[in-house]
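[1] Following is a predicted model, sequence given first.
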Amino acid sequence: MDTLTTDSSAAEEDVYSESEVLCLMRVGRNSDWLRLFEKTEITIGRGLDVTYQLLSPSCALMVSRLHCTFKQREDGQWTVTDNKSLNGVWVNENRISAEEPHHLRLGDSIQLGVPITGTCVEFDYILVQRPLKDIKLYLTKRHKDGAKSTQVSMKSKRKLTVEEVEPSTSKTKLYRCSSGDKSFAKPCPLSVVKWPQRLSRSQPEETGPNLQMYSQNILILREQVDDTQRQVAFFGGKPQQADPLREEQVMELQGQLETLRAKMYLMQTLEKSMGETKRKLEEEKTQQQEELLKKQLDVALQEQKKVIDELALSREGFEEILLAKNKELEVSKEEKEQARAQKEEVVTQVTEVLENELQCIICSELFIEAVILNCAHSFCSHCIKQWRKKKDECPICRRAIQSQTRCLALDNCIDSMVENLSLDMKSRRQTLITERKGERCVIDSAYYLTIDKVRHSFFFLILMVFKEKQ
């Protein structure tokens, strides 16, 4: 069958030798090229169960046991995956992420590991596609094909028996003699020294399964001890003349009994030591957890203290800002109060000026249509007219009034000042102006009526005189 498979594979290679295949071309060498077989997962590493085994002569740990995996997707594209290797997989001088497939293209540079000296990497490849007949001599053989033969050859080697790994769980075996009579068979001696050493080496391993194993072994040893004691009692109770080899068998059984007791004592001692070791490990683990919790608590307290300090600093900063703002508000409030006081003072002064200088002495009101007499005193137009009906002299200096003149400057000044006074004063002044205008209109109408009557009587007299002359 092996010859048939080799012949069929050789025939397939001859058939497809004209086709182009993908391979990893080793940079700087005309050998050790790695072919990428279609629809096959290609594994590379220094372990045994890989497709291509790479062993570095300069650094044994440069390539991991299962360094990387090349795989073809359903669309025909190839990917490379780093299997958490120590020195990594580098594609185009960039290390790819572990356990994440990386898409490959023709011409990509693939490096396994890192350079030891200089800048050259020992396992440096380029992804190329060449005809199989041109690169057939440069390809490396797959390691799994060669590993099968080595595994077959290794099967002939002796494996360790269960008695060598664990204590015997079956009854004592007897040496077989050439004769068919089993009564003369001797029990095989038990190894006492090596087995406890093997147990002591496995003591630092996991304690849970080992304790169960030791408890089971102790129970088995007790059964063997009871069985051996029954055999000793059985052989010791028979008469000596029945079998001349009975004393030797009894002595051997007693030796086995002592050996089993020694084993059982060792197993009990190991069980106690394993229990103490487990208890100590649990205590140490608890202490480590407590220390870790204390450290975490200290770190959390320190962080909380830092946060509190930062909050205190920010609070102080806010308080300073608030104090500054309060001071600015107080300053602005004082300035507003000062401006208000100044304004009130100005209004008061203006009011005093209006009351003292721009007030008519006759009506005790601000000038309304002010007039200036020939003596330079000022009065309201309405007031001086009413005064002159009684006396034709100045009310202040008693000089004869020879002329009076309107003063527009005083009127404009009073009107602009009145705008800054209160509403009561404005309404009062407006009422006085309206009343005086109404009185003047009545006077003017009466004056015009009188003139019309005089004019009418004058014309009537002229007509009468004219008629008399005729």
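    Arrived safely, thanks for sending. Numbering: from 1, shown residues only.

[2] where do the strands sit along the stretch 251-400 of the chain?
    Using DSSP state E, counting those that start in this stretch, the strands of the stretch 251-400 of the chain run over residues 370-373, 378-380.

[3] most packed of those?
    strand 378-380 (a mean of 23; mean count of other Cβ atoms under 10 Å). C-beta coordinates here come from the backbone N, C-alpha and C atoms, glycine included.

[4] same for it, what does it pack against?
    Applying 3 or more Cβ pairs under 8 Å, 6 or more residues apart in numbering; DSSP states H and E, one finds that strand 378-380 contacts strand 370-373.

[5] ok, which stretches of this structure are helices?
    2-15, 132-135, 143-154, 162-165, 194-201, 207-237, 246-356, 381-390, 408-418, 423-469 (DSSP state H).

[6] Let's have the ones you listed in JSON lines, adding mean pLDDT, mean neighbour count and distance to residue 72.
    Putting these into JSON lines (pLDDT from 0 to 100; neighbours: other Cβ atoms under 10 Å; distance: least, Cβ to Cβ, whole Å) gives the following:
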{"stretch": "helix 2-15", "mean pLDDT": "45", "mean neighbour count": "10", "distance to residue 72": "18"}
{"stretch": "helix 132-135", "mean pLDDT": "89", "mean neighbour count": "15", "distance to residue 72": "17"}
{"stretch": "helix 143-154", "mean pLDDT": "45", "mean neighbour count": "11", "distance to residue 72": "17"}
{"stretch": "helix 162-165", "mean pLDDT": "38", "mean neighbour count": "12", "distance to residue 72": "43"}
{"stretch": "helix 194-201", "mean pLDDT": "36", "mean neighbour count": "13", "distance to residue 72": "46"}
{"stretch": "helix 207-237", "mean pLDDT": "66", "mean neighbour count": "16", "distance to residue 72": "42"}
{"stretch": "helix 246-356", "mean pLDDT": "85", "mean neighbour count": "12", "distance to residue 72": "47"}
{"stretch": "helix 381-390", "mean pLDDT": "88", "mean neighbour count": "16", "distance to residue 72": "119"}
{"stretch": "helix 408-418", "mean pLDDT": "84", "mean neighbour count": "14", "distance to residue 72": "101"}
{"stretch": "helix 423-469", "mean pLDDT": "74", "mean neighbour count": "11", "distance to residue 72": "99"}
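
[7] Indicate which one of those is closest to residue 25.
    Proximity to residue 25, assessed across the helices of the chain by Cβ to Cβ, is greatest for helix 132-135 (8.0 Å).

[8] For the helices of the chain, give me TSV that also has distance to residue 89.
    Formatted as TSV, the helices of the chain follow (distance: least, Cβ to Cβ, whole Å):
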stretch	distance to residue 89
helix 2-15	29
helix 132-135	23
helix 143-154	18
helix 162-165	39
helix 194-201	38
helix 207-237	37
helix 246-356	36
helix 381-390	114
helix 408-418	95
helix 423-469	94
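
[9] Which one, of those helices, ends up nearest to residue 49?
    Short answer: helix 143-154, nearest of those by Cβ to Cβ, at 7.3 Å.

[10] Tell me how this protein divides into domains.
    2-152, 197-301, 370-469 (automatic domain parsing).

[11] just to revisit the earlier point, okay, the strands of the stretch 251-400 of the chain in CSV with mean pLDDT and distance to residue 335 next?
    Output for the strands of the stretch 251-400 of the chain, formatted as CSV (pLDDT from 0 to 100; distance: least, Cβ to Cβ, whole Å):
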stretch, mean pLDDT, distance to residue 335
strand 370-373, 91, 39
strand 378-380, 91, 40
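
[12] So which of those is nearest residue 309?
    strand 370-373 (77.3 Å).

[13] Report the distance from that closest one to the chain centre.
    Its chain's C-alpha centre and that of strand 370-373 lie 90 Å apart, by Cα atoms, centre = their mean, to the nearest Å.

[14] For the stretch 51-200 of the chain, which residues score under the pLDDT cut-off?
    Applying pLDDT under 70 to the stretch 51-200 of the chain flags residues 144-200.

[15] need the strands for it, in chain order.
    Along the stretch 51-200 of the chain, the segments classed as strands by DSSP E, counting those that start in this stretch run 52-53, 68-72, 78-82, 89-91, 94-95, 102-103, 109-112, 123-131, 174-175, 186-187.

[16] Not counting its own residues, what contacts stretch 44-57?
    34, 40-43, 60, 62-70, 83, 112-113, 122-123, 140, 142-144, 147 (Cβ atoms under 8 Å, 6 or more residues apart in numbering).

[17] Also stretch 134-144?
    The contact list for stretch 134-144 (Cβ under 8 Å, 6+ apart) reads 13, 17, 21, 23, 25, 30-35, 48-53.

[18] Pull out the CA atoms of stretch 111-123 and give them to me as CSV.
    Taking C-alpha atoms only, stretch 111-123 is exported to CSV below (Å, rounded to 0.1, in the frame of the first residue of the first chain):
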residue,chain,number,x,y,z
GLN,A,111,10.1,36.9,8.5
LEU,A,112,9.9,34.4,11.3
GLY,A,113,11.7,35.7,14.4
VAL,A,114,14.1,38.7,14.8
PRO,A,115,17.7,39.2,13.9
ILE,A,116,20.4,38.2,16.4
THR,A,117,23.3,40.1,14.9
GLY,A,118,23.0,42.9,12.4
THR,A,119,19.8,43.4,10.4
CYS,A,120,19.5,40.0,8.7
VAL,A,121,16.8,37.6,9.9
GLU,A,122,17.6,33.9,9.7
PHE,A,123,14.2,32.7,8.5
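
[19] Determine the number of other residues adjacent to the closest residue in space to residue 388 that isn't next to it in sequence.
    Setting aside the residues directly before and after it, residue 388 is nearest to residue 401 in space (Cβ to Cβ, 6 or more residues apart in numbering), at 6.4 Å. For residue 401, the neighbour count with other Cβ atoms under 10 Å is 17.
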